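Participant: Quick one: sequence plus predicted model below, questions after.
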Amino acid sequence: MNKLIKLYHTLKYLKPKQFKYRAYYMLRNKIRKLTKYTPPTLVAPQSKALKLTEYPTFYIYNNLYKNGKFTFIGITHEFKDSIDWNYNSYGKLWNYNLTYFDFLQQEDISKEDGLKLIQDFINYPEPIRGKKMPFPISLRNINFIKFLSKNSIQNREIDSFIFNQYYILMDNLEYHILGNHLLENGFSLLFGAYYFEDKKLYAKAFEILTEELEEQILDDGAHFELSPMYHQIMLFRVLDCINLVKNSQWRNQELLPLLTQKAELMLGWLKTITYENGDIPLFNDSAKGIAPTTKELFNYAKILALKPKQITLLNSGYRKVKNENYECVIDVGDIGPDYIPGHAHSDTFNFELYVHGQPVIVDTGISTYETNEQRTLERSTSSHNTVEIDGENQSDVWGGFRVARRAKVIELNEKNNYIRAVHDGYKHKALFHQREWSFFNKKIKIVDTIKGDKSNSCIGYLHFHPNIDVKVKNNSIIIPLLIISFKDINKLSMYRYNYSNNFNLKKTSNVVIIFFKKKMSMEIKIQ
């Protein structure tokens, strides 16, 4: 019964469109399998090399392929004789990255090597899992088109493959998922439309981008899935599309105003949320080494003559307090869009603290997308700097990318240097968690109150960066940069945890666990 209840609380938030397309694709694919359907082979029109304004290659692209070795999500592998495009020993995400072909954007990849890799993939004798999947098609086709255009390659075999892949994509657009997946479909279709000057591809790209950018980019400029890493990825795609449209007169640059408006909003949000040292908060599914950095994106935007819009953090739910002593980013919003919370964590009222430019209290990060215990742990309340009651998550994260019951922020009161918020993640226990922040020049006060009649087991968590030496003494935490003192608590305990600021890379560090009943007060004094 619990599984059925969990499934109900997961599915009830989906849009009708998602149900419709899930059912449609499932039924259609069964019929096609029975009838042994094969997609028609279309004749590709003559391609036109895209003229793109050059920009420095992003650091992440220069470390993916070298001397026959591929490196993705922190794992390097060398194929001895031939490339196994279905290689799955390191999980699905590693294999997907292999088929995305991001390595074609490396500065040092030769025309000959790139062409050889493309042709090896196209002519691989066995079915490739990622060959007909819409998300890999979307990313791969952009990389193919960029590489061919940059190297002035016109190859009918490759063009035919790309064109037919686009019509497979058109037949399998990710309306059943929505979110960043559908947006990636739209970005890629725009590249295909310009490369082949195909009106049908353009019409669908225009439809997706105009609808989804309006919905997915919030008023304060954040991407609505509320992952700073995915925000960087989506911003990069928008910048690429501006580059594409600006350098062509086809379709009269009609998408340029929308793309420019959204890019400058997104730049504004990213500028606001990024720490002075260039780091992003590792909130929700975020890691280093996956997306272009904030600095790289701003360099790209400058080349395209774009400027960040001045924004105030609002409906993303993130807030940032910054002075000469510290930077503190807190989360007082809902976990993300109800119908696609796959990259969300159970982390309401989580926060990070940088002191004098150094990370001190941090999010634990992510190391995997595999559906396993580690993924569940990294999304759990206990892996964030917030409060857990009776050992239960605030939001019921499960299955790798699913959320059932979820916390909602039901009260938010903001004044100068003061924030108070309440969430209902434990309303099934008739309990509500209130957290108050008071910010001073060299001090932060945080007060947690559990509202309700019951007396429950409450635990607060503070995760420290691996570079920080932590000592617990009586009711205080002492580190070189600050002292944290507590009131109204039962005890403090310190344990080790795995800090993961990148996929498959872990460092052990210290987490302090605070045991209390109804109320806890902490005071962070900057040294």
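Facilitator: That came in fine, so what should we check first?

Participant: Find the centremost residue of this protein, please.
Facilitator: residue 230 (3.1 Å; C-alpha atoms, centre = their mean).

Participant: quick one: contacts for that residue?
Facilitator: By C-beta atoms under 8 Å, 6 or more residues apart in numbering, the residues touching residue 230 are 180, 223, 285, 286, 291, 343. To be clear about C-beta, it is placed using only N, CA and C from the backbone, and glycine gets the same treatment.

Participant: and residue 250, what does it touch?
Facilitator: Residue 250 sits in contact with 194, 197, where contact means C-beta under 8 Å, 6+ apart.

Participant: And it, how far from residue 221?
Facilitator: 29 Å (C-beta to C-beta, to the nearest Å).

Participant: circling back to that earlier point, most neighbours among the contacts of residue 230, which one?
Facilitator: In terms of neighbours by other C-beta atoms under 10 Å, the contacts of residue 230 top out with residue 223 at 28 neighbours.

Participant: For that residue, which non-adjacent residue is spatially closest?
Facilitator: Sequence neighbours aside, residue 231 is the residue nearest to residue 223 in space, at 4.3 Å (criterion: C-beta to C-beta, 6 or more residues apart in numbering).

Participant: sec struct for that neighbour, please.
Facilitator: helix (DSSP: H, G, I helix; E, B strand; the rest coil).

Participant: For it, grab the count of nearby residues.
Facilitator: Quick note: residue 231 (other C-beta under 10 Å) scores 27 neighbours.

Participant: Measure how buried residue 321 is and give me the count.
Facilitator: 17.

Participant: so what's it bridging to?
Facilitator: residue 328 (DSSP bridges).

Participant: wait, doesn't it sit right on residue 328?
Facilitator: Yes. Using C-beta atoms under 8 Å, residue 321 is in contact with residue 328, at 4.8 Å.

Participant: List the buried residues in stretch 82-91.
Facilitator: Using 16 or more other C-beta atoms under 10 Å as the burial criterion, the residues of stretch 82-91 that qualify are 85, 90, 91.

Participant: I should have written stretch 505-519 there, sorry.
Facilitator: 505, 506, 509, 510, 511, 512, 513, 514, 516.

Participant: got any ranges where this structure has weak pLDDT?
Facilitator: 1, 455 (pLDDT under 70).

Participant: what does stretch 351-358 contact?
Facilitator: 275-277, 279, 281-283, 325-331, 359-363, 385-386, 437, 444, 465, 467, 481-482, 524, 526.

Participant: Just give me how far that stretch sits from the chain centre.
Facilitator: Centroid displacement of stretch 351-358 relative to its chain, using C-alpha atoms, centre = their mean, to the nearest Å, is 21 Å.

Participant: What of stretch 252-269?
Facilitator: Remark: stretch 252-269 is offset 20 Å from the chain centroid, using C-alpha atoms, centre = their mean.

Participant: Could you pull out the buried residues of that stretch?
Facilitator: 255, 258, 259, 260, 262, 263, 264, 265, 266, 267, 268, 269.

Participant: Start from the N-terminal end of the protein and give the helices.
Facilitator: If DSSP state H is used as the criterion, the helices of the chain fall at 2-11, 16-35, 92-100, 111-122, 134-150, 156-170, 179-196, 199-216, 228-246, 256-273, 294-303, 373-379.

Participant: highest average neighbour count across the ones you listed?
Facilitator: Stretch with highest mean neighbour count among the helices of the chain: helix 179-196 (a mean of 25; mean count of other C-beta atoms under 10 Å).

Participant: same for that helix, what does it pack against?
Facilitator: helix 134-150, helix 156-170, helix 199-216, helix 228-246 (3 or more C-beta pairs under 8 Å, 6 or more residues apart in numbering; DSSP states H and E).

Participant: got these as CSV, with distance to residue 456 columns?
Facilitator: As requested, the helices and strands packed on helix 179-196 are exported to CSV (distance: least, C-beta to C-beta, whole Å):
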stretch, distance to residue 456
helix 134-150, 42
helix 156-170, 50
helix 199-216, 37
helix 228-246, 32
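
Participant: quick revisit: please enumerate the shared neighbours of residue 321 and residue 328.
Facilitator: 437, 439.

Participant: For the contacts of stretch 351-358, which ChimeraX command selects only the ones that are buried?
Facilitator: Per 16+ other C-beta under 10 Å, the buried members of the contacts of stretch 351-358 correspond to this ChimeraX selection:
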select :275,279,281,282,283,325,326,327,328,329,330,331,359,360,361,362,363,385,386,437,444,465,481,482,524,526
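
Participant: that older thread, so can I have JSON lines of the helices of the chain showing distance to residue 58?
Facilitator: Listed next are the helices of the chain as JSON lines, based on distance: least, C-beta to C-beta, whole Å:
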{"stretch": "helix 2-11", "distance to residue 58": "35"}
{"stretch": "helix 16-35", "distance to residue 58": "32"}
{"stretch": "helix 92-100", "distance to residue 58": "14"}
{"stretch": "helix 111-122", "distance to residue 58": "17"}
{"stretch": "helix 134-150", "distance to residue 58": "12"}
{"stretch": "helix 156-170", "distance to residue 58": "23"}
{"stretch": "helix 179-196", "distance to residue 58": "16"}
{"stretch": "helix 199-216", "distance to residue 58": "22"}
{"stretch": "helix 228-246", "distance to residue 58": "8"}
{"stretch": "helix 256-273", "distance to residue 58": "15"}
{"stretch": "helix 294-303", "distance to residue 58": "5"}
{"stretch": "helix 373-379", "distance to residue 58": "25"}
